[in-house]
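Asker: Structure here, sequence nowhere to be found:
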């Protein structure tokens with residue numbers, strides 16, 4: 001049954017493999033057809049636009065999966081829900097939702113759904129943020145105002161129906177504008193009121209997550225005692241120095257895997273994780289997916305973009 005499909009899938013959603021072929025995925029009866037993929041178009045090398053419809057009389061559950069790209073979803077009609085851990089988010093007509101890359105989620109499609117999803121490369125969004133001197137932390141959740149995104153998305157869908165040199169240029173420009181809209185509503189990665197001494201230590205971790213800088217060295221960088229440094233760092237950054245440094249190293253591994261330039265073992269070693277079993281546990285705890293599953297998703301997405309180019 002559908003719940004059985006929620007098992008680990010290696011990062012590949014079993015429903016997606018059957019959308020273009022009119023077949024039923026294993027465990028889904030003929031009475032529970034998956035959503036129909038209306039269109040699937042690559043927008044250059046940085047993004048992909050998909051449009052869906054679901055006309056069955058009963059809701060259907062998608063197995064839990066994660067995407068190697070940032071997903072921005074919006075609905076023109078109907079409802080879908082996204083389950084992430086114990087949190088449930090609802091996507092309704094006129095609303096929009098951001099799901100960061102690597103976030104494991106399960107989707108429930110309600111009857112009458114008409115929805116679209118834009119998948120954008122994290123490196124593309126990060127490059128735009130860096131270009132404008134922004135530090136933003138992309139988080140799971142609805143966009144506070146979807147009106148502007150809806151207008152941009154409508155323009156993007158119109159351009160996707162009219163391919164050509166000028167259409168491609170318009171698509172690239174609108175995709176850029178959507179990335180700006182995502183960044184506009186993303187919270188700052190770090191409060192502007194952070195103590196400059198704490199920021200110096202944080203910047204030292206960010207500069208080279210692989211360095212394994214000791215707590216004593218970080219405290220000296222901040223010019224504080226160990227006690228006061230740990231207390232201030234945790235209060236202002238939101239994590240202990242150890243947890244922040246571990247998260248930075250895990251984020252480095254994730255970037256390496258999403259770029260498809262390294263194997264799981266090579267990425268772990270490059271980020272300074274000599275113990276692979278401990279690394280895999282820490283990675284799963286941080287991102288809700290194993291490194292192997294994330295790499296498989298990244299490779300599958302890369303193959304899909306190449307086929308659609």
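Answerer: Looks like it came in fine. Being a predicted model, the structure only gives us computed values, none of them experimental. Numbering: from 1, shown residues only.

Asker: ranges for the strands of the stretch 1-150 of the chain?
Answerer: 36-43, 47-54, 60-61, 70-77, 79-84, 87-92, 96-99, 106-109, 113-120, 141-142 (DSSP state E, counting those that start in this stretch).

Asker: Show me what counts as buried in the first one.
Answerer: The one in question is strand 36-43. Residues 40-43 are the ones in strand 36-43 that count as buried (16 or more other CB atoms under 10 Å). To be clear about C-beta, it is placed using only N, CA and C from the backbone, and glycine gets the same treatment.

Asker: do the fourth one as well
Answerer: Residues of strand 70-77 classed as buried under the neighbour-count rule (16+ other CB under 10 Å) are 70-76.

Asker: ends of stretch 69-86, how far apart?
Answerer: 22 Å (CA to CA, to the nearest Å).

Asker: roughly how far out does that stretch sit from the chain middle?
Answerer: From the chain centre to the centre of stretch 69-86 is a distance of 12 Å (CA atoms, centre = their mean, to the nearest Å).

Asker: quick check: mean pLDDT across that stretch?
Answerer: For stretch 69-86, mean pLDDT rounds to 87.

Asker: Check stretch 168-184 too.
Answerer: Model confidence over stretch 168-184, given as mean pLDDT, is 83.

Asker: swap in stretch 102-112?
Answerer: 87.

Asker: contact partners of that stretch?
Answerer: Contacts with stretch 102-112, where a contact means CB atoms under 8 Å, 6 or more residues apart in numbering, come from 6, 34-35, 52, 54-68, 77-84, 99, 140, 254, 258, 287-289, 294.

Asker: gap between that stretch and the chain center?
Answerer: Distance of stretch 102-112 from the chain centroid (CA atoms, centre = their mean) equals 14 Å.

Asker: nearest residue to residue 223 other than its sequence neighbours?
Answerer: residue 197 (5.4 Å; CB to CB, 6 or more residues apart in numbering).

Asker: Now do the SS call for that neighbour.
Answerer: What DSSP: H, G, I helix; E, B strand; the rest coil gives for residue 197 is helix.

Asker: can you pull the contacts of it?
Answerer: Contact analysis of residue 197 by CB under 8 Å, 6+ apart lists 222-224, 232.

Asker: so how far is the helix or strand containing residue 254 off the chain centroid?
Answerer: Applying DSSP states H and E as the criterion places residue 254 in helix 241-258. Chain-centre distance of helix 241-258: 15 Å, with CA atoms, centre = their mean.

Asker: repeat for stretch 288-305
Answerer: 12 Å.

Asker: How about that stretch, which residues are buried there?
Answerer: By 16+ other CB under 10 Å, the buried positions in stretch 288-305 come out as 288-298, 300-301, 305.

Asker: can you redo those as a markdown table with distance to residue 250?
Answerer: Below are the buried residues of stretch 288-305 laid out as a markdown table (distance: CB to CB, whole Å):
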| residue | distance to residue 250 |
| --- | --- |
| 288 | 12 |
| 289 | 12 |
| 290 | 12 |
| 291 | 9 |
| 292 | 15 |
| 293 | 14 |
| 294 | 11 |
| 295 | 14 |
| 296 | 18 |
| 297 | 16 |
| 298 | 15 |
| 300 | 22 |
| 301 | 20 |
| 305 | 25 |
